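Colleague: build me a model:
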Amino acid sequence: LTTSGPIQGDDGTLYVGTSAGTVFALEPENGEILWTHQLSTAEEPHIHASPLVVGKKLYISCKDRSLYGLNLAPPSP
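Modeller: Residues are numbered from 1 along each chain as shown. Predicted coordinates for the structure are as follows:
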């Protein structure tokens, strides 16, 4: 179940969170799942707000009062 809206990254990838605490990265052309990430093992991680992309980082807040930051690009060598 999704209770937040998606956001589009600089490369066009769509990001959306679910009430189960999972973040999905989707191909905008066909909706193909590029990757998923489980944010929390808390009983109720519920992503309750739309994600935010800043540079190469994706920020997501959850009902468990946690703020997560995921790198969208690998670190430079």
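
Colleague: in this protein, which residue is closest to the centre?
Modeller: Note on the chain: the residue nearest the mean C-alpha position is V23, at 3.8 Å, using Cα atoms, centre = their mean.

Colleague: who are the contact partners of it?
Modeller: Y15, V16, G17, T36, H37, L39, I47, P51, L58, I60, L70 (Cβ atoms under 8 Å, 6 or more residues apart in numbering). From N, CA and C alone the C-beta is placed, and that goes for glycine too.

Colleague: and the pLDDT at it?
Modeller: We have a pLDDT of 91 for V23.

Colleague: what about it, which helix or strand?
Modeller: Per DSSP states H and E, V23 falls inside strand 22-26.

Colleague: next secondary structure after that strand?
Modeller: strand 33-38.

Colleague: residues of that next one that come out buried?
Modeller: For strand 33-38, the buried set under the neighbour-count rule, 16 or more other Cβ atoms under 10 Å, is empty.

Colleague: that one vs strand 22-26, what angle?
Modeller: For strand 33-38 against strand 22-26, the angle by axes from the mean of the first three to the mean of the last three Cα atoms, to 10 degrees is 170 degrees.

Colleague: buried set for whatever helix or strand comes next after strand 33-38?
Modeller: Of the helices and strands lying after strand 33-38 in sequence (DSSP H and E), the nearest is strand 52-54. Going by neighbour count (16+ other Cβ under 10 Å), the buried part of strand 52-54 is V53.

Colleague: average pLDDT across strand 52-54?
Modeller: Mean predicted lDDT for strand 52-54 stands at 93.

Colleague: tell me what that strand is packed against?
Modeller: Counting contacts by 3 or more Cβ pairs under 8 Å, 6 or more residues apart in numbering; DSSP states H and E, strand 52-54 packs against strand 7-8, strand 57-61.

Colleague: how about a cut-off of 10 Å?
Modeller: Helices and strands touching strand 52-54, by 3 or more Cβ pairs under 10 Å, 6 or more residues apart in numbering; DSSP states H and E, are strand 7-8, strand 57-61, strand 67-71.

Colleague: before we move on, back to that, buried ones among the contacts of V23?
Modeller: When those are checked for burial by 16+ other Cβ under 10 Å, the buried set is Y15, V16, G17, L39, I47, P51, L58, I60, L70.
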